[in-house]
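**Q** sequence and predicted model, in that order:
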Amino acid sequence: MTTHSKSAEIFNRDFERTTWHDETLYFVRQKRDKAAFQIDDWELLRETASQIKFNVLSNLSEYLIQFEENALKNGIKVHWAADAREHNEIVFNIVSEYFEGNIPHDTFKGIVKSKSMLTEECHMNEYLISKGIEVVDTDLGERIVQLAGERPSHIVLPCIHWKKEEIGELFHKHLGTEKGNKDPKYLTEAARQHLRDKFLNRKVALTGVNFAVAVTGEFVVCTNEGNADMGTHLSDLHIASMGMEKIIPQRQHLSVFLRLLARSATGQPITTYSSHFRKPRDGQQMHVVIVDNGRSTQLGREDFRNSLKCIRCGACFNTCPVYRRSGGHSYHTAIAGPIGSILSPNLDMKANADLPFASTLCGSCSNVCPVKIDIHQQLYKWRQVLVKEGHTSATKTLMMKGMSKVLASPAVFKFSGKVGRMLMDKMPFMVNNSLNLWYKQREMPEPPKESFREWYKKNRK
Amino acid sequence: MKVALFIPCYIDQFYPKVGIATLELLEKLGCEVVFPENQTCCGQPMANSGYEHETEGCTSNFQNNFDEYEYIVAPSGSCTLHIKEHIPIKGKIYELTEFITDILKIETLEGSFPHKVGLHQSCHGLRGLFTAQMSELNAPQFSKPEQLLKNFKGIELIKLSRKDECCGFGGTFCVTEEAVSVRMGQDRVADHLKNGTEILTGGDTSCLMHLEGIIRREKHDIKVMHIAEILNQAIS
């Protein structure tokens, strides 16, 4: 069994919970449908977004340099990180320099962080915490998983695998709420008070970047909770971590992406807050860390290049029948779901070789993708790459080679088919046993007396 | 019209009745049907598992058997899609229902089938061959299999809660991800049960074999038939 299939099997042992997880996420898919279908030109909008992103990927270096020039003019400091380690070190250095210079009024060596899947990808929290810096996730869902010592199971809905009763318990333990109180309003208010204290007493804010506009040197951060704004507005130091593919050429292109993002993600017309950051306030420092971490390698893989169009809406998660029934943690990577399964092998083929196989190739992901990434085609292509690179079991290879031989030869095929059916008929225990994974929860087809070709010979020739 | 019949390997071996129904149906619709005898498998099971490079034998065997025909028809959307995308041939291959609606230009079929029928839209036929509109897209509705079924006397086409969710078969996925595969199938069956399906049908025997395996194990009162069997029975 693979890492994914093992975790998925454990996930499925709780039938009712799997039902609940599936239905919760399918509800989000339906909300997406409703929002998308209210726009007559929805498919045109997707196509336009896809084309803009193609242009971006074809001219990525130029746009990045243009963004840097304009950001510098605006007073933003720009850093370049080749990989996760460099990103974490850059962030650490900026933060420690700030703390060293501001000890008098700094009582808390901590940062408040709004949603950034890139920092998850880089394992930044763990790194900074190991260096003695407190990191407080301020997105409610992220705060919940952080308190629980977990990682997000979904890029947009990080704690979608948690039930409100369980959150009540967690908050009782960590935030001192009443035992047994699971009222979402009450729990949200408790989280708000808890986070407000963090916002007021931390002077360093870290955000992600949803879109960076090349011609203006500004970046846009989208949240529903306003937590990015709370953090940055109260901060002396704002660091934004940005994947290098987040560039869009011009501001007007936001009119395409902002319409697509929230509708695809949650079925809302737009995120509650779509905040533009162009220059630091007086007395504030603003930094952007532009991160590669495997992205240029992926850009160089022709078959997988356009996975970099992703705007992290999570629509492919919500529609994926496998994700809904295996949970985000079964993907064992920062980005789970179908898009994660085509991004993660690029980062580590060996560790993530199971992920492209965690799919039926049903193709629903590609259809909901707002930037039209051919996700299921890329899953198929990754399988070919992973097998050729040797990241598959020897038993499977032997079996596939054997099957190919039998199926390529009409005579062998006819003979083995006959033998197989005869065996199933006369000795059903040969297939109906615990070694046969098909038979565990499904009946085998009843073997017919003759094959189609035998019938055809008798009846049509 | 002369038609070469491609009967996928598992249909040949386990579901000859689907092959027979397809052949008889096409004959009733006025086609001259031939079955090239040395055909085996299109190679999809290996290719979808990452072993496309091992399928050269299957590919050349397919070409040797079918290259002389202009029209090839298969009662499987999945195999049809694989051949379309991976096997270069001189003629063209069609999934059964799209061949009837698009090439034979048959708008509707007359006949009788007084049953509550639930249609399983298999993914490769649906999203690969566009045999029907996909639920994810904001685009005009159509369905080739429904078009062929809907005018039968007495038929009631069941409306499902999730009209085109995958059944979880997925080729080798059905054993490599057994838990999720079975759960997906159970959920599809539950949708049909809830909405009153008596006969579950579809264009892909692989999906039907998976769903039938679950139905029989759990002893549900649903009969499974390939759409070729329904069409062939209803028009006679």
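**A** Arrived safely.

**Q** please identify the helix or strand for B:Lys194.
**A** Assessed by DSSP states H and E, B:Lys194 sits inside helix B:178-195.

**Q** and the helix or strand just after that helix, what does it pack onto?
**A** Using DSSP H and E, the helix or strand that directly follows helix B:178-195 along the chain is strand B:199-202. Packing contacts for strand B:199-202, counted by 3 or more Cβ pairs under 8 Å, 6 or more residues apart in numbering or on different chains; DSSP states H and E, involve strand B:116-120, helix B:205-217, strand B:223-226, helix B:227-235. For glycine as for every other residue, the C-beta is placed from the backbone atoms N, C-alpha and C.

**Q** could I get these as a markdown table with distance to chain A and mean neighbour count?
**A** Compiled in a markdown table, the helices and strands packed on strand B:199-202 are given as follows (distance: least, Cβ to the nearest Cβ, whole Å; neighbours: other Cβ atoms under 10 Å in any protein chain shown):
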| stretch | distance to chain A | mean neighbour count |
| --- | --- | --- |
| strand B:116-120 | 12 | 24 |
| helix B:205-217 | 3 | 24 |
| strand B:223-226 | 10 | 21 |
| helix B:227-235 | 12 | 23 |
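
**Q** wait, which of these is closest to A:Gly176?
**A** Across those, A:Gly176 has its closest neighbour in helix B:205-217 (47.6 Å, Cβ to Cβ).

**Q** so the residue of chain B found nearest chain A is in which element?
**A** When scored by Cβ to the nearest Cβ, chain B has B:Gly57 as its residue closest to chain A, at 2.5 Å. If you go by DSSP H and E, B:Gly57 is part of helix B:56-66.

**Q** returning to what we had before: pLDDT (mean, whole number) over the helix holding B:Lys194?
**A** Throughout helix B:178-195, pLDDT has a mean value of 98.

**Q** before we move on, what about stretch A:322-338?
**A** Here the average pLDDT along stretch A:322-338 is 97.

**Q** the following helix or strand past the helix holding B:Gly57 near chain A at all?
**A** Note on helix B:56-66: by DSSP H and E, the next helix or strand toward the C-terminus is strand B:71-74. No: Strand B:71-74 lies apart from chain A when judged by Cβ under 8 Å from any Cβ of the partner chain; the minimum separation is 12.2 Å.

**Q** mind listing what's buried in stretch A:146-153?
**A** Using 16 or more other Cβ atoms under 10 Å in any protein chain shown as the test for burial, stretch A:146-153 gives A:146-148, A:151-153.

**Q** ok, now which ones touch the one residue sitting closest to the centre of chain B?
**A** Most central in chain B under Cα atoms, centre = their mean is B:Gly203, positioned 2.1 Å from the mean C-alpha point. Shown in contact with B:Gly203 (Cβ atoms under 8 Å, 6 or more residues apart in numbering or on different chains): B:75-77, B:95-97, B:122, B:125, B:131, B:145, B:226-227.

**Q** need the max-distance pair from the residues you listed.
**A** Between all members of the contacts of B:Gly203, the farthest pair (by Cβ to Cβ) comes out as B:Thr131 and B:His226, at 14.2 Å.

**Q** hang on, B:Glu24 packs against B:Gln233?
**A** No: B:Glu24 is beyond contact range of B:Gln233, at 9.5 Å (criterion: Cβ atoms under 8 Å).

**Q** chain B contacts on the stretch 151-300 of chain A?
**A** Of all the residues in the stretch 151-300 of chain A, none lies near chain B, going by Cβ under 8 Å from any Cβ.

**Q** helices along the stretch 151-300 of chain A, start to end?
**A** Along the stretch 151-300 of chain A, counting by DSSP state H, counting those that start in this stretch, helices occupy A:164-175, A:184-201, A:227-233, A:254-265, A:295-300.

**Q** in TSV: these, plus mean pLDDT, mean neighbour count and distance to A:Lys396.
**A** Formatted as TSV, those follow (pLDDT from 0 to 100; neighbours: other Cβ atoms under 10 Å in any protein chain shown; distance: least, Cβ to Cβ, whole Å):
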stretch	mean pLDDT	mean neighbour count	distance to A:Lys396
helix A:164-175	97	16	38
helix A:184-201	94	15	46
helix A:227-233	95	23	45
helix A:254-265	98	22	35
helix A:295-300	98	16	26
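
**Q** between those, which one is closest to A:Lys131.
**A** Taking the helices of the stretch 151-300 of chain A one by one with Cβ to Cβ, helix A:184-201 is closest: 18.9 Å.

**Q** hey, C-alpha coordinates of that closest one in CSV?
**A** The C-alpha trace of helix A:184-201 is given here as CSV (Å, rounded to 0.1, in the frame of the first residue of the first chain):
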residue,chain,number,x,y,z
PRO,A,184,-20.0,28.7,16.3
LYS,A,185,-20.9,32.3,17.2
TYR,A,186,-19.6,31.9,20.8
LEU,A,187,-16.4,30.1,19.6
THR,A,188,-15.7,32.7,16.9
GLU,A,189,-16.0,35.5,19.4
ALA,A,190,-13.6,33.7,21.7
ALA,A,191,-11.1,33.3,18.9
ARG,A,192,-11.6,37.0,18.0
GLN,A,193,-10.7,38.2,21.5
HIS,A,194,-7.8,35.8,21.7
LEU,A,195,-6.4,37.0,18.3
ARG,A,196,-7.1,40.6,19.0
ASP,A,197,-4.6,40.5,21.9
LYS,A,198,-2.0,38.9,19.6
PHE,A,199,-2.6,41.6,16.9
LEU,A,200,-2.2,44.4,19.5
ASN,A,201,1.0,43.1,21.0
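
**Q** A:Ala330 against A:Phe11, yeah?
**A** Heads up, residue A:330 is Ser, not Ala. Yes: in this structure, A:Ser330 is within contact of A:Phe11 by Cβ under 8 Å, at 6.1 Å.
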